[in-house]
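Trainee: This is the structure alone, sequence omitted:
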């Protein structure tokens, strides 16, 4: 299909080890579909990002990532840091696969790989999608500050092979520990909101944690981000809101506010937990967030 093999970067631990167990089948499927490729496996957090950065710097113009949202997070950061217009192909083999949902990529890895091979054979032009940035890091699907970052940290520590349910269980565990309502100041669209808040979620894609339809109006290629803020809520109220969060019907509830935006700043006096694409970030007190319209080419 091409004279130069396309590097396929894979995190064997993605999907709680499912990616590693899928590797031989993935290699066979790509060979059968005529995709000239080379497999590159990661051994630790950060390997994919650095490997993709190096590949891009060496002149690679197409890269495939096989893994979950964390793997895609590393891939996007490697590409964006390179400053090169590298096209990205995605084969979802993760737990939540939120980015794949946002992009309309089939969630079964075999279907996604077959579709990607068809697009490569047909020389279909890559699609331009948006990328978010928070401080010095990039994100593909979304960012969160506050309670959802706490939930993400708990979910990441759970190694049970239970798919999306790991995030629901993490919500219950986080509630057991207590709902954090740090005082935040959010500057957005020329206005300032200040006070205690349960969470501030910034979405490029519509889903988070695999099953939560956090920003039902979000589109991956509309040049905007969706900011969803939850005011202080009790444990019982969060439990009552969960079905709405799963169904995407929480917008309009008394404690929930929503707005479209291109950039915002979140400030707090004490360091807060945050996440990017489900990857826990260092504690910080200021979060400068912006959209980079059409910054990534998706095969």
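Mentor: Looks like it came in fine. If you're wondering where the values come from, they're calculated on a predicted model, not measured in any experiment.
Trainee: so where's the stretch 51-200 of the chain shaky on pLDDT?
Mentor: Across the stretch 51-200 of the chain, residues meeting the criterion (pLDDT under 70) sit at 153-165, 167, 170-178.
Trainee: So which residues of it form helices?
Mentor: 69-82, 98-103, 109-121, 147-157, 165-177 (DSSP state H, counting those that start in this stretch).
Trainee: End to end on stretch 27-39, go ahead and measure it.
Mentor: In stretch 27-39, first residue to last residue: 8 Å (C-alpha to C-alpha, to the nearest Å).
Trainee: quick revisit: how about the helices of the stretch 51-200 of the chain, which one is nearest residue 291?
Mentor: helix 69-82 (12.9 Å; C-beta to C-beta). Where you see a C-beta, it was placed from the backbone N, CA and C, and this is true even at glycine.
Trainee: The closest one: how far from the chain's middle?
Mentor: Relative to its parent chain, helix 69-82 has a centroid offset of 10 Å by C-alpha atoms, centre = their mean, to the nearest Å.
Trainee: so what does it touch, helix or strand wise?
Mentor: strand 6-10, helix 47-57, strand 62-67, strand 87-92, helix 98-103, strand 137-139, strand 279-298 (3 or more C-beta pairs under 8 Å, 6 or more residues apart in numbering; DSSP states H and E).
Trainee: which one of the ones you listed lies closest to residue 73?
Mentor: Closest of the helices and strands packed on helix 69-82 to residue 73 is strand 279-298, at 5.2 Å (criterion: C-beta to C-beta).
Trainee: Helix 69-82 and that closest one, what's the angle between them?
Mentor: 60 degrees (axes from the mean of the first three to the mean of the last three C-alpha atoms, to 10 degrees).
Trainee: and strand 279-298, which strands flank it?
Mentor: Note on strand 279-298: by DSSP bridges, its sheet partners are strand 87-92 (parallel), strand 127-134 (antiparallel), strand 263-276 (antiparallel).
Trainee: Tell me how far that strand lies from the chain's centre.
Mentor: For strand 279-298, the distance to the chain centre is 10 Å (C-alpha atoms, centre = their mean).
Trainee: What residues of it count as buried?
Mentor: 279-281, 284, 287, 289, 291, 295-298 (16 or more other C-beta atoms under 10 Å).
Trainee: do stretch 188-204 as well
Mentor: 188, 193, 197-204.
Trainee: for it, how far is the first residue from the last?
Mentor: End-to-end distance (C-alpha to C-alpha), stretch 188-204: 16 Å.
Trainee: repeat for stretch 135-152
Mentor: 19 Å.
Trainee: rewinding a little: highest mean neighbour count out of the strands paired with strand 279-298?
Mentor: strand 87-92 (a mean of 25; mean count of other C-beta atoms under 10 Å).
Trainee: What angle do strand 6-10 and that strand make with each other?
Mentor: Inter-element angle recorded for strand 87-92 and strand 6-10: 40 degrees (by the same axes, to 10 degrees).
Trainee: Can you pull the phi and psi angles for residue 206?
Mentor: phi -90, psi -20 (degrees, to the nearest 10).
Trainee: Offset the numbering so it begins at 30, please.
Mentor: Sure, I'll start counting at 30 from here, so that last one is residue 235.
Trainee: what's the nearest residue to it if we skip its chain neighbours?
Mentor: Closest residue to residue 235 apart from its sequence neighbours, by C-beta to C-beta, 6 or more residues apart in numbering: residue 247 at 4.5 Å.
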